[in-house]
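[1] model the structure of this input:
(chains A, B, C and D)
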Protein chains: 2
Amino acid sequence: MDTTQLLKGVLDLAVLAVLTDEDGYGYDILRRLRAAGLDDVADASVYGTLRRLFQAGLVSAYVVPSDEGPHRKYYALTTNGRDQLHRSGKVWRAFASTMDALLDERGVAA
Amino acid sequence: MDTTQLLKGVLDLAVLAVLTDEDGYGYDILRRLRAAGLDDVADASVYGTLRRLFQAGLVSAYVVPSDEGPHRKYYALTTNGRDQLHRSGKVWRAFASTMDALLDERGVAA
DNA sequence: TGACACTACTCCGCATAGCGATATAGCGTT
DNA sequence: AACGCTATATCGCTATGCGGAGTAGTGTCA
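    Numbers count the residues shown, from 1 in each chain, chains lettered A, B, ... in the order given. From the prediction side, this is the model:
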């Protein structure tokens, strides 16, 4: 199968999570996600996600000029974003447990 | 957020998995999924998934008349379906581990 | 100088897939 | 007759990740 479909609904969560490390700009967040093992994330997906999170008030944004390239648009978690992160985290854990149990009981092992 | 998005790409896997129990028809598969904890699965999603799995050759189908209602369209795993189930299972486990690690390292606990 | 590569962001349009609504239909219960 | 449960199918909507193209700034290397 395609990991593309698995990302649906989870990318928001992953982006919020890596932003707990420290504020970050799109391209950097992309690198953090890939470093975390989400190799197949496309850049357009991250930028799109950040725009949605911003519109939802889960992250704030500020632009910083850079010496070594184009300007950077930094994003930071808002209080709402932090709350949402923990809510979504719980939902994800519950969902993953359900799936794991479903597979375990039927001998679909890793 | 919505468990709807989390289901993307996983419903195929879940349907294949519950079919290892025994052959099943759509409505029954829906009940098995809900019994397994996937409460929010909609019937249309299951029927759509079964049609796709059938077209992909992962399940076979046969119709059985019923004494207690409308006819039932039974689906059974094919060899390809069984192979796919284990492949998809591995992909899912790997993906879930990646996400868990990403969340764990940032203190996003359940 | 020109070609290229990496960084960094944006926009357009596509594809996938789950869902709500609706329709059809058989059966049992009230 | 009306309702509800079982059972399937179809239509169109929607969300969201992605590919591709474009725009820029910087540095490298021949």
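[2] going forward, measure contacts and count neighbours with C-alpha atoms only.
    Will do.
[3] would you confirm that A:Tyr27 contacts A:Asp43?
    Yes: the pair A:Tyr27 / A:Asp43 is scored as a contact, 7.3 Å apart, by CA atoms under 8 Å.
[4] return the residues of chain A in contact with chain B.
    A:1-3, A:5-10, A:14, A:17-18, A:20-21, A:36-38, A:85-93, A:95-96, A:98-100, A:102-103, A:106, A:108-110 (CA under 8 Å from any CA of the partner chain).
[5] which among those residues count as buried?
    The neighbour-count criterion (16 or more other CA atoms under 10 Å in any protein chain shown) marks A:1, A:3, A:6-7, A:9-10, A:14, A:17-18, A:20, A:36-38, A:85-89, A:91-93, A:95-96, A:99-100, A:102-103, A:108 among the residues of chain A next to chain B as buried.
[6] in chain A, what spans have low per-residue confidence?
    Within chain A, the ranges that satisfy pLDDT under 70 run A:1, A:110.
[7] about what we covered before: keep the residues of chain A next to chain B, but drop any that are not near DNA strand D.
    When contact is defined as CA under 7 Å from any atom of the strand, these meet DNA strand D at A:Thr3, A:Gln5, A:Leu7, A:Lys8, A:Gly9, A:Val10.
[8] and the furthest pair within those residues?
    A:Thr3 and A:Gly9 (12.3 Å; CA to CA).
[9] and stretch A:45-60, what's buried?
    Neighbour-count burial for stretch A:45-60 [16+ other CA under 10 Å]: A:Val46, A:Tyr47, A:Thr49, A:Leu50, A:Leu53, A:Phe54, A:Leu58, A:Val59, A:Ser60.
[10] can you narrow those residues to ones near DNA strand C?
    Among the buried residues of stretch A:45-60, DNA strand C is touched by A:Tyr47 when using CA under 7 Å from any atom of the strand.
[11] now render the buried residues of stretch A:45-60 as TSV, adding secondary structure.
    Below are these laid out as TSV (DSSP: H, G, I helix; E, B strand; the rest coil):
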residue	secondary structure
A:Val46	helix
A:Tyr47	helix
A:Thr49	helix
A:Leu50	helix
A:Leu53	helix
A:Phe54	helix
A:Leu58	coil
A:Val59	strand
A:Ser60	strand
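[12] out of the buried residues of stretch A:45-60, flag the one nearest to DNA strand D.
    A:Thr49 (5.0 Å; CA to the nearest atom of the strand).
[13] and that closest one, how far from B:Gly48?
    Noted for A:Thr49: a distance of 28 Å to B:Gly48, by CA to CA, to the nearest Å.
[14] and the helix or strand hosting A:Phe95, what does it pack against?
    Here A:Phe95 sits within helix A:79-104, counting by DSSP states H and E. Using 3 or more CA pairs under 8 Å, 6 or more residues apart in numbering or on different chains; DSSP states H and E as the contact criterion, the elements in contact with helix A:79-104 are helix A:11-18, helix B:3-7, helix B:11-18, helix B:79-104.
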